[in-house]
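[1] Turn this into a structure:
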Amino acid sequence: MRRLKTFILTAAMSFIMSFTALAGQWNQSPGGWWYSYDDGTYAVNSWQWIDGNGDGVSECYYFDENGYCVLNSTTPDGQTVDANGALIVDGKIQTRTETETSANNNTTKTKNTAPQPTQSSSKTTDTSKNKENMVWVSQTGKKYHSKSSCSNMKNPSHMTESEAIGLGRTPCSKCY
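    The predicted structure is shown next:
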């Protein structure tokens, strides 16, 4: 009986803990902070609502053409962001709270403290159009990799797949 309880508890914990991997994560590189989504992409030239600490409250961040979060500055569309990159309007950090999905109508309710910043007509807020795959490259090789540990690379650099292709790199046959 004790083994069965241990097995059930282990299975339940494994199931619960698997959800944390789906959220994405903040990363830092020499160029600054960027946010990696669970599918390996990241935002570029766009505003994104991100709940980086898992508290159910998302803050709005602007990511530049290289995918780095703009910090303590003014964004290209004239909005102000604080030292953490969060959008500030009238001296307040703008947030969005996600509530649980309603059992009655199967929709997710969202509460915004302010509307998302206005985008210029040349930019889009469609996340699928503003994300790109990140890859790893060695200092000397001719390939790009999906994993920094592939091919025993030493001090690999992180860049977009299109940047790697622009440098004449091709996908590694081991990890792609």
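
[2] Beyond the helix-or-strand element of the chain with minimal mean pLDDT, next helix or strand please.
    Taking mean pLDDT, DSSP states H and E as the measure, the chain has strand 110-112 as its least confident helix or strand, at a mean of 44. Next helix or strand after strand 110-112 toward the C-terminus (DSSP states H and E): strand 131-137.

[3] Given that next one, what are its sheet partners and their directions?
    The strands that strand 131-137 pairs with in its sheet are strand 41-43 (antiparallel), strand 143-145 (antiparallel), strand 157-160 (antiparallel) (by DSSP bridges).

[4] Pull out the C-alpha coordinates of the helix or strand where Glu59 lies and format them as PDB.
    Using DSSP H and E, Glu59 sits in strand 57-63. C-alpha atoms of strand 57-63 as PDB (Å, rounded to 0.1, in the frame of the first residue of the first chain):
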ATOM      1  CA  VAL A  57      -0.300  39.300 -13.200                       C
ATOM      2  CA  SER A  58       1.300  40.100 -16.500                       C
ATOM      3  CA  GLU A  59       3.300  43.300 -17.200                       C
ATOM      4  CA  CYS A  60       3.600  44.800 -20.600                       C
ATOM      5  CA  TYR A  61       7.200  44.900 -22.100                       C
ATOM      6  CA  TYR A  62       8.600  46.200 -25.400                       C
ATOM      7  CA  PHE A  63      11.100  44.100 -27.300                       C
END
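
[5] Show me how the protein divides into domains.
    Under automatic domain parsing, the residue ranges defining each domain of the chain are 24-118, 131-176.
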